[in-house]
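*Asks:* I'll drop the sequence and a predicted model, then ask my questions.
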Amino acid sequence: MQYKKAFAVIIFLIHIAFFLSFLFLTPFSLNIFFSFEIAFFSILLVIIASYLSYKKMIYSQARKYKINQNLFLFSLKKVKSLPKNIKFTILKDDLEFSIKNKMYFFAAFFNLLKIFAYVVLVAGFLFLHRQGILHIVGYLCGISSLLICIFIFIMYVRYESKKNY
């Protein structure tokens, strides 16, 4: 990821802005603070685990393919004329996965780090609820602030990629 600094700055600024705007609307209490921070960092852990999982999957898939660089960008080929009678065959369009493919995709999308991140999310919620300090609106603001950070980051990357081309 070449935009790591930009992502960190966006997370920091949006996190502070959300928390301060939420504090202006409600009086400060430790319940709100703990709910907001636990939700934010547990969702951040889920996002990082997903990123690492997809990165690992892409690198493992990329190792399978060998890239051949051709020196010629264009090649000329003689085009043969098509036969006058063309037969069409019906192919089965259903995509059927073998057991090996199913296990690979299961392992790719549900690896241990990702499962651990979701366990932390649920454990944080249950901890706050059992201690009696859960503030639902603060918890939801913590989750939504990180989702808005990611949305802004995507917009930033698209803007930068259009600017470079």
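*Replies:* Now that the structure is in, tell me what you want to look at. Residues are numbered from 1 along each chain as shown.
*Asks:* Which elements pack onto the least confident helix or strand in the chain by mean pLDDT?
*Replies:* Counting by mean pLDDT, DSSP states H and E, the chain has its least confident helix or strand at helix 99-109, which shows a mean of 74. Contacts defined by 3 or more Cβ pairs under 8 Å, 6 or more residues apart in numbering; DSSP states H and E place helix 99-109 against helix 30-62. For every residue, glycine as well, the C-beta is placed using N, CA and C.
*Asks:* taking the mean pLDDT, what do you get for the helix it packs on?
*Replies:* The average pLDDT for helix 30-62 rounds to 87.
*Asks:* Would you indicate which residues of stretch 12-22 are buried?
*Replies:* I14, H15, F18, F19, F22 (16 or more other Cβ atoms under 10 Å).
*Asks:* Which residues does that stretch contact?
*Replies:* Residues from elsewhere that reach stretch 12-22, judged by Cβ atoms under 8 Å, 6 or more residues apart in numbering: 32, 36, 40, 137-138, 141-142, 144-146, 148-149, 152.
*Asks:* re earlier: can you tell me which of the buried residues of stretch 12-22 lies closest to N111?
*Replies:* Nearest to N111 out of the buried residues of stretch 12-22 is H15 (Cβ to Cβ; 26.7 Å).
*Asks:* what separates that closest one from H129, distance-wise?
*Replies:* Plainly put, H15 is 23 Å away from H129 if you go by Cβ to Cβ, to the nearest Å.
*Asks:* in this structure, what spans have low per-residue confidence?
*Replies:* By pLDDT under 70, the weakly predicted segments of the chain are 1, 66-95, 108, 164-165.
*Asks:* Show me the helices in it, by range?
*Replies:* 4-25, 30-62, 99-109, 112-131, 136-164 (DSSP state H).
*Asks:* Please work out which of those helices is packed deepest.
*Replies:* Mean neighbour count (mean count of other Cβ atoms under 10 Å) peaks for helix 30-62 among those, with a mean of 16.
*Asks:* tilt between that one and helix 4-25?
*Replies:* 160 degrees (axes from the mean of the first three to the mean of the last three Cα atoms, to 10 degrees).
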